[in-house]
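> Sequence and predicted structure, then a few things I'm wondering about:
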Amino acid sequence: MNRKLLCLLPAAAVIFYSVTAGAETPTPPGGATISGKVTYTGTPPKMKPIDMAKEPTCAKQHATPVMTENVTTGPDSSLQYVVVYISEGDQGSAPPSETVRYDQRGCQYLPHVLPMQAGQVLQIFNDDQTSHNIHPLAKVNPEWNKSQPAGSLPIDTKYDKPEFIPVKCNIHPWMHGYFVVLKTSHYAVTGQDGSFSLKGLPAGKYTVSAWQEQYGTQTQEVTVGGSETKTVNFTFKALPY
Amino acid sequence: MGKAFAVLVTLITLVSIAFFFLHTWWLPPNISTTGRAVDHQLEETLIGTGVLFLAGQLMLGWFAWMASGKSKDAPAKRFPGGAASLVVTAILVVGIEILTLTFVGSKAWGAIYLTPAEPGALRVDVQAEQFAFYFRYAGPDGQFGGIHPEKIDDGSGNYFGLDPANDVAARDDIVVGSLVVPVNRPISLTLHSKDVGHSFYVRELRMQQDFVPGLDIPLHFTATQVGKYEIVCTQLCGLGHYNMKAYLEVMSEPDYEQWLKTQAGQ
């Protein structure tokens, strides 16, 4: 093999490494972890079945009716779709290059709550055989609404300022979701079991916030060391109505 | 040339009339107790206008046939009494026909829209919004909760603006996206609009009534045939108007009771 080419190998390896490293999540290796569970006490409201009879192409995609999602509960009093994030203590970072994806499928917004970092590219897809008109009701960021007939290209957009933005469809009144635009890159949405985990935090003192669309925000202060793991739980008070 | 025109006019006229006799493009079956009066009115209108149309077109053909081949200098015939009496006669004939149709028709219309619903009619509340219809039933307690427009929240399924936290009657109200009714039972609707003007139109019921924001508009009917029929918005209401529809499902009494029970349990 040519000597010159051999000399180039380490350089190529460095370039290759930096490219692949850049494609990964921005979370630095190691660091502290804050994890926990979000639950409720009391009686949450009963979620209602959504009647999609007027849109047969969507209705037939659901064997059982889709339910409203404003208070989604799971086993052991867990709360789903709660956004847990670092509201204070994080210096902030440049938005990651990955795009976040939002789908309109079966006349539902997927996921129901979509967190993203300010400035991050958001791609909105219409996977349905019907038109949608997505209308994020932004107040701090610019407000817009856009029609997306079946088969349209995705909408590419981004929000520059942190905000909790309710999203609705101007054609299908039951479609409802949230864009949660955050300054921090440390955030999570609780799953069915109500659990969350914020990883890769540098040692320091943080304010952790948990936001639920109907019950508002709760905060807790947490101090973590180097590669420590701390548990933080949140409990919301649920009312039946 | 004049004779060819005469033949063509007569042919077009007869073919057009034939479509009506053959019911080529006819109305869907009527399924309401009041629909017959509407159909009757429509038949009278079609007969009245049809006779005038037939007479007018055949006369046009006849005149074209008779005038064909005559010299340009031949004296033109005049209507007896001249132009003034021609105009007066036309106004009288057309005017009497339209006035007759209006008076006869207003009776049929008034019997549907200006009469109160039968006592004991099943009450259903209707909310129209861009771009869907929602229907509310009183639920097991038989009472409708109050409506508070500021409480309307589509995301949590509160399309009517109910306040279940403070209003016990609202807690069991049933809200659905289809109008389900028992057959042969009087139904009394109250139409509300959340945003702009909409319209409730079911061709099989022979009924069309606008929603006007700010008004509670009553509408009542009795469906006589089990089946599924389309409710469409016939008032241009915005971007998704083409897609604004719902279904009227007419069920047998036991099927309806079963449906209601299922809904109340959800």
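All right, it came through fine.

> Just the buried residues of the lowest-mean-pLDDT helix or strand in chain B, please?
When each helix and strand of chain B is scored by mean pLDDT, DSSP states H and E, helix B:83-113 comes last, with a mean of 90. Within helix B:83-113, the residues that count as buried by 16 or more other Cβ atoms under 10 Å in any protein chain shown are B:104-105, B:108, B:112. In this view, the C-beta of every residue, glycine as well, is placed from N, C-alpha and C.

> try stretch A:94-103
A:95-96, A:100, A:102-103.

> residue ranges of the strands in the stretch 151-266 of chain B, please?
B:174-176, B:179-182, B:186-193, B:198-202, B:207-211, B:217-222, B:227-232, B:245-251 (DSSP state E, counting those that start in this stretch).

> Check what pLDDT the residue lying farthest from the centre of chain B gets.
Computed with Cα atoms, centre = their mean, the residue of chain B farthest from its C-alpha average is B:Asp73, at 53.8 Å. Listed pLDDT for B:Asp73 reads 82.

> State the distance from it to chain A.
Distance, B:Asp73 to chain A, using Cβ to the nearest Cβ, to the nearest Å: 65 Å.

> for that residue, helix, strand, or coil?
What DSSP: H, G, I helix; E, B strand; the rest coil gives for B:Asp73 is coil.

> low-scoring stretches of chain A, by residue?
Chain A contains residues with pLDDT under 70 at A:1-29.

> near chain B, which residues of it?
For chain A, the contact set with chain B under Cβ under 8 Å from any Cβ of the partner chain comprises A:45-46, A:48-55, A:68, A:70, A:130-131, A:133, A:147, A:166, A:168, A:170-174, A:176, A:214, A:239, A:241.

> Mind checking which of those residues land in strands?
Judged by DSSP state E, the subset of the residues of chain A next to chain B located in strands is A:133, A:147, A:166, A:168, A:176.

> so who does the third one touch?
When you say that, I think you mean A:Pro166. A:136-137, A:176-178, A:213, B:155 (Cβ atoms under 8 Å, 6 or more residues apart in numbering or on different chains).

> biggest separation within the ones in strands among the residues of chain A next to chain B, which pair?
Distances among these were taken as Cβ to Cβ; the most separated pair is A:Ser147 and A:Pro166, at 18.8 Å.

> tell me which strands and helices the longest strand belonging to chain A is in contact with?
In chain A, with assignment by DSSP E, the single longest strand is strand A:32-42. Judged by 3 or more Cβ pairs under 8 Å, 6 or more residues apart in numbering or on different chains; DSSP states H and E, the packing partners of strand A:32-42 are strand A:78-79, strand A:195-201, strand A:204-212, strand A:216-224, strand A:229-231, strand A:234-238.

> quick one: buried residues of it?
Buried, per 16+ other Cβ under 10 Å, within strand A:32-42: A:32-40.

> CA atoms only for it, dumped as CSV, please.
Extracted in CSV, the C-alpha atoms of strand A:32-42 (Å, rounded to 0.1, in the frame of the first residue of the first chain):
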residue,chain,number,x,y,z
ALA,A,32,-25.7,12.6,36.6
THR,A,33,-29.2,11.2,36.2
ILE,A,34,-32.5,12.5,37.6
SER,A,35,-35.3,9.9,37.3
GLY,A,36,-38.6,9.3,38.8
LYS,A,37,-42.3,8.8,38.4
VAL,A,38,-45.3,11.1,38.0
THR,A,39,-48.5,10.0,39.7
TYR,A,40,-51.8,11.5,40.8
THR,A,41,-53.9,11.4,43.9
GLY,A,42,-57.7,11.7,43.8
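
> after that strand, next one along is what?
With elements assigned by DSSP states H and E, the helix or strand that comes after strand A:32-42 is helix A:56-59.

> could you say what helices and strands that following helix packs with?
So helix A:56-59, by 3+ Cβ pairs under 8 Å, 6+ apart, packs with no helix or strand.

> Which of the ones in strands among the residues of chain A next to chain B sits closest to B:Ser16?
Looking across those and measuring by Cβ to Cβ, the closest to B:Ser16 is A:Ser147, at 40.8 Å.

> and A:Ile171, what is it in contact with?
So A:Ile171 contacts A:130-133, B:130-131, B:239-240, B:243 (Cβ under 8 Å, 6+ apart).

> can you do 7 Å?
The contact partners of A:Ile171, by Cβ atoms under 7 Å, 6 or more residues apart in numbering or on different chains, come to A:131-133, B:131, B:240, B:243.

> What helices and strands are in contact with the least confident helix or strand of chain B?
Packing partners of helix B:83-113 (3 or more Cβ pairs under 7 Å, 6 or more residues apart in numbering or on different chains; DSSP states H and E): helix B:35-67.

> List, one by one, the residues from the stretch 1-150 of chain B near chain A.
B:129-132 (Cβ under 7 Å from any Cβ of the partner chain).

> could you redo the last one with a cut-off of 8 Å?
Contact residues (Cβ under 8 Å from any Cβ) of the stretch 1-150 of chain B with chain A: B:129-133.

> can those residues go into TSV with extra columns for neighbour count, pLDDT and secondary structure?
Converted to TSV, the residues of the stretch 1-150 of chain B next to chain A look like this (neighbours: other Cβ atoms under 10 Å in any protein chain shown; pLDDT from 0 to 100; DSSP: H, G, I helix; E, B strand; the rest coil):
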residue	neighbour count	pLDDT	secondary structure
B:Glu129	21	94	strand
B:Gln130	21	92	coil
B:Phe131	24	92	coil
B:Ala132	27	93	strand
B:Phe133	26	96	strand
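
> ok, so what distance separates B:Glu150 from chain A?
Applying Cβ to the nearest Cβ to B:Glu150 and chain A gives a distance of 16 Å.

> tell me, how many neighbours does that residue end up with?
By other Cβ atoms under 10 Å in any protein chain shown, the residues close to B:Glu150 number 7.

> care to break chain B down by domain?
Listed by automatic domain parsing, the domain ranges of chain B are B:2-69+B:79-113, B:122-265.
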